[in-house]
Every structure is written in structure tokens, then in C-alpha cells.
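In: attaching a predicted model along with its sequence, questions to come.
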Amino acid sequence: MKHPSARALLAYWDRLRKGRAAPERAEIDPAEIGRLLGDIFLLENSENPRHAVRLAGTRLCALIGHELRGRGFGAFFAAEDRATLFGLMEAVADGQIPAVASLLGETDDGRSVDLEMLLLPLRHRGRTHARMLGSIVPLDVPYWTGTEPLARLRIKTLRMIHPADRGTDGAATIRQPGSARLRVVQGGLS
């Protein structure tokens, strides 16, 4: 993950789960993640609208150009990317594992911004597939942010993050849906 906010949210989620597959929605304390709230969203696994936005932070709403609450999460993505998005969300819910995606946000007048999206599974009253916590953050904040809304989001890359696969050396196994395992080891040339 590239953005410090995404890393901080993943670390908070990982602390809350205490070895379980995913934490309970009720365990999230907004006061503990106050500086991250502007970029966070909470989704409800529903059918109408599909994956309804239950709440969204002010920076995220400003980036999109309007309130997201009550709308289907897929509505903000390019039509050709929605099947991939929903597949990713199902993989997060089914496997109870986080995912990160690189996005491209586009305006109607041709401007674009690179974004990072984090999706984290949550349990709700013991049920899996009920809620999902996430964030969308710009990797660089262009001068026009907040004045020109993003018309659509496009998926560039995506990967699953398996916290249970972390070794004692701090390396994490990352899986891309439909592909082999990759092992990422921190370090460099000596």
C-alpha cells in the first residue's frame, strides 16, 4: 500500500480483529481513527442498492462531488469495471481478507487523479458478508480537488492482502484474484 492513511486503517483493523478473521462493526471507535474519517466509507451488503453506502467521509464526498450515503457503491465506478469491483468485494467478504486497489478517478472534462482503495471485511452481530469498511484516498491531491468532481472511478490494479500469511520476518503474502501467490519480503540489496 502506498498511502499512509490506508496503512493506518489496515493496522487499526488488524489490531481490532485480535486474531479473528474480521472484527465486529460495533468494535470500531471513530475517536481512535479521527484523522482517517474523512476518507472512510462503510458499506452494507444489500441488494437494492447493491452494496449500499451507509456512511462516507467528507473528503471522499468532496472528491466525488456529492453525498454518497444511500447509493450503491458500484454507481461510482465505470460500467465496464463494476463486475471486477463486485468480484473483488465478494472475495473480501467470502475470504474475510482485506484487498487494496489502485484506481483512476476521472472528471468529465478529462482530468484524472490516482487513488488507492482499501476494502476491509467486518462482521455485524456475528454475521459475515454484512458490512465492509474501506477508504479511498488520492495519492497526490491535485489543485482542482473539490472544485471538479470525479465522474467515475476506474480499476487499474487490485490485490488481496492475507494478514494471516505474515511470516515472522514481517513479509506478507499477496494474492491477486485468479493468480498464484506472491511473497513480498521487506529488504533491499546489500
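Out: Looks like it came in fine. Numbering: from 1, shown residues only.
In: which residues of this structure fall in strands?
Out: Assigned by DSSP state E, the strands in the chain fall at 40-47, 50-56, 99-106, 112-124, 127-138, 152-162, 172-175, 181-184.
In: and the residue nearest in space to the middle of the chain, how far from residue 109?
Out: Geometric centre of the chain, nearest residue: residue 118, 2.2 Å, by CA atoms, centre = their mean. The gap separating residue 118 from residue 109 is 28 Å, by CB to CB, to the nearest Å. For every residue, glycine as well, the C-beta is placed using N, CA and C.
In: buried ones in stretch 108-115, by neighbour count?
Out: 113, 115 (16 or more other CB atoms under 10 Å).
In: ends of that stretch, how far apart?
Out: End-to-end distance of stretch 108-115 (CA to CA, to the nearest Å): 17 Å.
In: now do stretch 92-111
Out: So stretch 92-111: terminal residues 30 Å apart, CA to CA.
In: what does stretch 45-60 give?
Out: 20 Å.
In: so what touches that stretch?
Out: 37-44, 67-75, 86, 89, 93, 129-132, 135-136 (CB atoms under 8 Å, 6 or more residues apart in numbering).
In: the same query, at a cut-off of 6 Å, please.
Out: 37-44, 68-69, 71-74, 129-130, 136 (CB atoms under 6 Å, 6 or more residues apart in numbering).
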